[in-house]
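Visitor: Need coordinates for the following:
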Amino acid sequence: MTIGLFFGSTTGNTEDIAEQIEEQLAPLACQMHNVADDPVSLMQDYQLFICGIPTWDYGELQADWEDVWEELDALDLSGKYFAVYGCGDQVGYPEWYQDAVGLLHDKLIGLGASPLGYTSTEGYRFEQSKAAIDNKQRFVGLAVDEDNQHDLTDARVSRWCEQVIEEYNATP
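Guide: Numbers count the residues shown, from 1 in each chain. Okay, the predicted model is just below:
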């Protein structure tokens, strides 16, 4: 099985996390796709794909994802599985922490894909998030804060990768 790994990155943090995910998932094969360079229609080629999206400013999409946002609407992702992660700053932008993750998650579900990899919000400090569900008890993916909790990133990525594969292996 090859896993599609799609990301958009401006500062390099989201791309760095994609590389960590690729390493963590070895020996499984990952094919990395920067959405600035590769068409998002390639998502249809994978049974499981992972998307990385940072949240910018006041809950906005990262520029590369914003450029391809409408192209996503043409995809049929029925029968596919996905997991999403995001980079954000929970201290500087506590009212919009990981909003882009929530937006992308909802978009992919609307296209027929099934989500994996929900995580606990325990250990995070934020006010609001479009990625938080269940009364702000869980994120719809992996939340990474390289600005304020860099020391927790490696362990979070490792646990999340194990979780995503475990959940995928349990699917019908």
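Visitor: What helix or strand is Ile50 located in?
Guide: strand 48-52 (DSSP states H and E).
Visitor: So which elements touch the following helix or strand past that strand?
Guide: Per DSSP H and E, the first helix or strand lying C-terminal to strand 48-52 is strand 55-56. With contacts defined as 3 or more C-beta pairs under 8 Å, 6 or more residues apart in numbering; DSSP states H and E, the packing partners of strand 55-56 are helix 99-110. To be clear about C-beta, it is placed using only N, CA and C from the backbone, and glycine gets the same treatment.
Visitor: Report the backbone C-alpha coordinates of the helix it packs on in CSV.
Guide: Output in CSV follows, covering the C-alpha atoms of helix 99-110 (Å, rounded to 0.1, in the frame of the first residue of the first chain):
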residue,chain,number,x,y,z
ASP,A,99,-9.3,26.3,11.9
ALA,A,100,-7.9,25.2,8.5
VAL,A,101,-7.7,21.6,9.7
GLY,A,102,-11.5,21.7,10.5
LEU,A,103,-12.3,23.3,7.2
LEU,A,104,-10.3,20.7,5.2
HIS,A,105,-11.7,17.9,7.3
ASP,A,106,-15.3,19.0,6.5
LYS,A,107,-14.5,19.5,2.8
LEU,A,108,-13.1,16.0,2.4
ILE,A,109,-16.0,14.4,4.3
GLY,A,110,-18.3,16.2,1.9
